[in-house]
Structure formats: structure tokens, C-alpha cells
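Novice: quick one, structure for this:
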Amino acid sequence: MSKYILVTNNPKVKEKYENKNIDILFKESIEKIFKTVRDYIHEGSILVSHPLAGSVKPFQNPYRSIILREGNILDFNSLKTYENSFEKYQQFRDKKKDKESLPDHILIDYQVIDLSLIESALQSINLD
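Specialist: The predicted structure follows:
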């Protein structure tokens, strides 16, 4: 069975999946999520979910969750997808929402959006 890794800064995602058959790496920021995902891809992991999934612009949602599957050779499709996504994210980085500047009810809405996106991606994975 393949090992899956979920990299997130979303407390709702962490809470829902922390007792499932998936490794969760909780990071403080989107930048740290991207750095962690990059490192895993260079070590051979494969992207399962797109880093910019959903219709919310990359700078709008301060939460991001990305799923990887462990592998043992560099997957160039994952690397290319990652690099294109990170480049797009960097283009909008100055416009990104700062969690500290948003009211709690808006933060919860963004957490729910990110959770919904990751739930859709996880439907194709048998975690049991």
C-alpha cells in the first residue's frame, strides 16, 4: 500500500485526518507548505492533489492543503506542476491574505473551502 502525505496549514484538515492512515505535516504558512512539497518531490514523491486546486485565486485563501504519494524516483510531471504552481503563487504573494488581518468567521469559511477541496482529492484514495 502506498504511503500518503498531507501537507497543510489548515486546522480543520488536520483535525479531520489526524487519525486516518495518512501522514500529516502541519506547517505555519503557505510558503512552508510549498517548500516542504518541493523537498518531497525532489525526494521522489508524487503530487496527488494540485497545489492550486479550486477556483479561489492563489492569494485569496490563507489555507492550503496538498497531498503527495511517496515514490522513489523524481517525477517530472509533479515537479513541473509544482514549479508552475509556485510561480503563479509568487506572482500574487504580495496580495495574499494575512490570517491575522481577517476576522474569525472569514478564516473559518476559508478553512471549510480548503477542507472541501482536499476531501474531494482524498475520495480517490483508500486510506483504510
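Novice: now stretch 3-20: average pLDDT?
Specialist: The average pLDDT within stretch 3-20 is 95.
Novice: for that stretch, buried residues please.
Specialist: 4-10, 12-14, 17 (16 or more other C-beta atoms under 10 Å). Using the backbone N, CA and C atoms, a C-beta is placed for each residue, glycine as well.
Novice: again with stretch 70-77
Specialist: 71, 75.
Novice: what's in contact with it?
Specialist: 2-5, 41-42, 44-47 (C-beta atoms under 8 Å, 6 or more residues apart in numbering).
Novice: scan the chain for its longest helix.
Specialist: helix 104-122 (DSSP state H).
Novice: who does it touch, helix- and strand-wise?
Specialist: Here helix 104-122 touches strand 4-8, helix 11-17, strand 65-69, going by 3 or more C-beta pairs under 8 Å, 6 or more residues apart in numbering; DSSP states H and E.
Novice: buried among the contacts of stretch 70-77? Make that a PyMOL selection.
Specialist: Selecting only the buried entries of the contacts of stretch 70-77 in PyMOL, with 16+ other C-beta under 10 Å as the criterion:
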select buried, resi 4+5+41+45+46+47
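Novice: show me the contacts of stretch 70-77 that map onto helices.
Specialist: 41-42.
Novice: looking at the contacts of stretch 70-77, spot the one nearest I66.
Specialist: The closest of the contacts of stretch 70-77 to I66 turns out to be L47 (C-beta to C-beta; 7.2 Å).
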